[in-house]
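Novice: No sequence on hand, only this structure:
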């Protein structure tokens, strides 16, 4: 499609281009806009039908949005803003520099400006910052027919009309009715009779990761957000929850690889930005690895007597690191999916201990065979390596499974306690074990 | 709630218990069932109202489901099955042993059995296996009023009624109408006038990961599944897509940590099962690490002359591994989110090269200062370590960014090319560089 658009654009066939654009999906069009040469953006954008234009705009990356806003006339800006849902407007504003924000707020209607300012007050990762204030609110004395009338009258501007929220005069949330319930019910029944009062809701300050998990656990389409007095202030819709889920996963994965998380796509980050996200962790881990070096220096004499021992250091360290990494990543994921809780700590340790023993013994046996048959080392050296391996694996799995739980109970993000950190710790410990075992078994 | 249920159960207050249970949410109740002692399960389950009982059943872990099915009378089994949606029934059947499957199929009504068998034929990770065959199908000559009549008449059994699918006499998909469109439209308008013909659909054999990404990209509530002749065979709903998204993330994370993925929660796996998922990778990586040992053995003489060099091996290897891991994980994630494509390979390499140079030089400078001021090594040894560091990092980032892209282009899962594998490769290469640099600069 991109080539087609470019061809029409270059041959100035604007009518045909307009026709083509109007038939596309907003997400696909937004992707095309990211590829187009910047100077063509305003021209192509102006060829879009008004409603589609706003939808495409919402789907763009924030730097493209900023570029367009700067190119817009006041009237054009107002037209886009009029079509936006409040939560989308907030998402856009959050990424813009102050001058652009000021210009946006100047051109939104007073009611929307009020809602935007309200949502902007919530912390970045909270349910409040994620919600929209546009929802279908109903009263319990309404009949099904009344409810439909209200939905028909106000529904155009709502992000979802499929869930209606029944509130009292103090805006307290009393119950929920779905359009499915309404459709499958007689017209004259009162909402108080059919509304579901067993409500799953969230508070404005709840962490957005927990919000996303709620959608998944309870199979929700929308989740009401209430303030401290249990008053309904907004709703979160599933499309936003799904984005949060994916963003949080990306964040966790980046943290596990010792990278400071970012929500910018890889190819849009500058080299300096990428460096800034990676360098501090590398430095920290490099400095930590110094201890490992110190341990080797300390046992310099032993190594000079048995140089062969040196050659097994990488294998022992890697195996320890991999074992610890497996345990830590499993536990980190279990914690974030809610499969593992703090109270499971001892079950986890006991299980990892047995898995470690099994892994340790089987790997040691495999290694022993290899050491004897291929490397032809002496029986005692093979013994030293294999005993070290078993002990290192047990220790690595123990550290791997306890550190994430410990981090979580101290309100740190367990994801940081993944392979890179575990590896650094296990490296040092495995060397200590190695040299201790060697000094006992080889008498050095 | 769990304690409350247990108390009522032990004091045999079944009426109160029934009352309490009927007010709970299905997902929460399913979690309670996982905790209850097994012998109490059938009793508590029988206290649930019929419809809620089926919903709770769907939310349980498969071994609990199996236990209950075995405890059910034929009539009870039929009652549960009657309440299930086809896709949920399939999900349950897929986890059951053959005898239980046979019993389930014997007690489903013929139409549902046909649908189940149809869905079971699709490969496990395909869109077909994920879909339900129960959807609202409409005709283009219907009016809005007709559509509502049809939804009201058939909607009870549909998983979603919010999207209607307009098909022709050959079941070809012509367009889509949402209930929102229907509600905001006059009653006598024909569907052909309002249906959206710009349809986003998927084929039965599409990978479910791509299906889930489509939901996120296009903000869908449901996605139609068509066969090769473009006939509508089913739909996938967003709750299933969200589960897929989360499962695929877990799978990727496990693969990145060198674990064979599983969809069983951690605490439900036996020690032997956990071992089986971890051991083969550890063995493979351990054997690969042998090369690293061989390299050290090869340079034994050099090491005996400069034992100090040994003590920097772990730090150099770890830093290389971490750098490679950062690059690989970033690229793996970018590939799976669709941010990076095969055609971006050279952009990626060029970017990683510059990032590597920046990381390498900055880390080398930090390291140089430390080597001179704290470790008091000679200038040439410090030089060897720092030059090795820069070269290793450049190589590590190059390997880290190219291997996942290579894996993907060969139709392997890029997630396997994460830290553990990269580390093993980088370890060996960094040692080769180290000894080469040392032999040049120290003349050994």
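Specialist: Looks like it came in fine. This is a predicted model, so every value here is computed, not measured.

Novice: so what does the host helix or strand of residue A:401 touch, helix or strand wise?
Specialist: Secondary structure assignment for residue A:401, by DSSP states H and E: helix A:379-409. Applying 3 or more C-beta pairs under 8 Å, 6 or more residues apart in numbering or on different chains; DSSP states H and E, one finds that helix A:379-409 contacts helix A:307-310, helix A:313-337, helix A:345-370, helix A:419-442. Just so you know, the C-beta spots here come from the backbone N, C-alpha and C atoms, and that holds for glycine as well.

Novice: if you average pLDDT over stretch A:436-444, what comes out?
Specialist: Mean per-residue pLDDT for stretch A:436-444: 87.

Novice: Give the buried residues for stretch A:148-166.
Specialist: Buried residues in stretch A:148-166, counted by 16 or more other C-beta atoms under 10 Å in any protein chain shown: A:148, A:150-151, A:155, A:158-166.

Novice: Give me the below-cutoff pLDDT ranges for chain A.
Specialist: Nowhere does chain A drop to pLDDT under 70.

Novice: hang on, the earlier thing: of the helices and strands packed on helix A:379-409, which is nearest residue A:181?
Specialist: Residue A:181 lies closest, by C-beta to C-beta, to one member of the helices and strands packed on helix A:379-409: helix A:313-337, at 30.9 Å.

Novice: Report the distance from the closest one to the chain centre.
Specialist: The chain centre lies 21 Å from the centre of helix A:313-337; the measure is C-alpha atoms, centre = their mean, to the nearest Å.

Novice: could you redo the helices and strands packed on helix A:379-409 as TSV and give each row distance to chain B?
Specialist: Shown next, in TSV, are these (distance: least, C-beta to the nearest C-beta, whole Å):
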stretch	distance to chain B
helix A:307-310	5
helix A:313-337	4
helix A:345-370	4
helix A:419-442	5
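
Novice: Pick the most deeply packed of those helices.
Specialist: The highest mean neighbour count among the helices and strands packed on helix A:379-409, using mean count of other C-beta atoms under 10 Å in any protein chain shown, belongs to helix A:313-337: a mean of 27.

Novice: got the residues of the stretch 51-200 of chain A near chain B?
Specialist: The interface of the stretch 51-200 of chain A toward chain B, taken as C-beta under 8 Å from any C-beta of the partner chain, is made up of A:148, A:151-152, A:155-156, A:161-162, A:179-180, A:183-184, A:198, A:200.

Novice: if I look at residue A:123, how far off is residue A:206?
Specialist: Separation of residue A:123 from residue A:206 (C-beta to C-beta, to the nearest Å): 10 Å.

Novice: More neighbours: which of these two?
Specialist: Taking neighbours as other C-beta atoms under 10 Å in any protein chain shown, residue A:123 and residue A:206 compare with residue A:206 leading, 19 against 12.

Novice: Can you tell me, leaving aside adjacent residues, what's nearest to that one?
Specialist: residue A:127 (4.3 Å; C-beta to C-beta, 6 or more residues apart in numbering or on different chains).

Novice: Just give me the neighbour total for the one you found.
Specialist: By other C-beta under 10 Å, 28 other residues sit near residue A:127.

Novice: Identify the residues contacting it.
Specialist: A:202, A:203, A:204, A:205, A:206, A:207, A:208, A:211, A:223, A:225, A:236 (C-beta atoms under 8 Å, 6 or more residues apart in numbering or on different chains).

Novice: Show me which pair in the residues you listed is furthest apart.
Specialist: A:205 and A:223 (14.3 Å).

Novice: The two: which has the busier surroundings?
Specialist: residue A:223 (26 against 15).

Novice: and residue A:67, what is it in contact with?
Specialist: Residue A:67 sits next to A:38, A:41 when contact means C-beta under 8 Å, 6+ apart.

Novice: brain fart, residue A:45
Specialist: A:33, A:53, A:56, A:57, A:68.

Novice: follow-up on the earlier one: between the helices and strands packed on helix A:379-409, which one is nearest to residue A:215?
Specialist: Proximity to residue A:215 (C-beta to C-beta) singles out helix A:313-337 among those, at 13.7 Å.

Novice: The helix holding residue A:401: which residues count as buried?
Specialist: For helix A:379-409, burial by neighbour count (16+ other C-beta under 10 Å) applies to A:381-405, A:407-408.

Novice: Show me the strands in the stretch 151-300 of chain A, by range?
Specialist: A:163-167, A:173-178, A:202-203, A:222-226, A:232-237 (DSSP state E, counting those that start in this stretch).

Novice: who's in contact with the last one?
Specialist: Outside strand A:232-237, the residues within contact range by C-beta under 8 Å, 6+ apart are A:87, A:118-119, A:127-128, A:130-133, A:135, A:137, A:159-160, A:163, A:165, A:167, A:171-173, A:202, A:204, A:211, A:221-227.

Novice: re the thing from before, now the two most distant members of the contacts of residue A:45.
Specialist: A:33 and A:53 (10.8 Å).

Novice: beta partners for the nearest residue to residue A:131 once chain neighbours are set aside?
Specialist: Counting by C-beta to C-beta, 6+ apart, residue A:131 lies nearest to residue A:234, which is 3.4 Å off, once chain neighbours are set aside. Judged by DSSP bridges, the bridge partners of residue A:234 are residue A:225.

Novice: And residue A:234, how close does it get to residue A:223?
Specialist: 10 Å.

Novice: Check residue A:278 too.
Specialist: Applying C-beta to C-beta, the value for residue A:278 to residue A:223 is 36 Å.

Novice: Fine, thanks again, bye for now.
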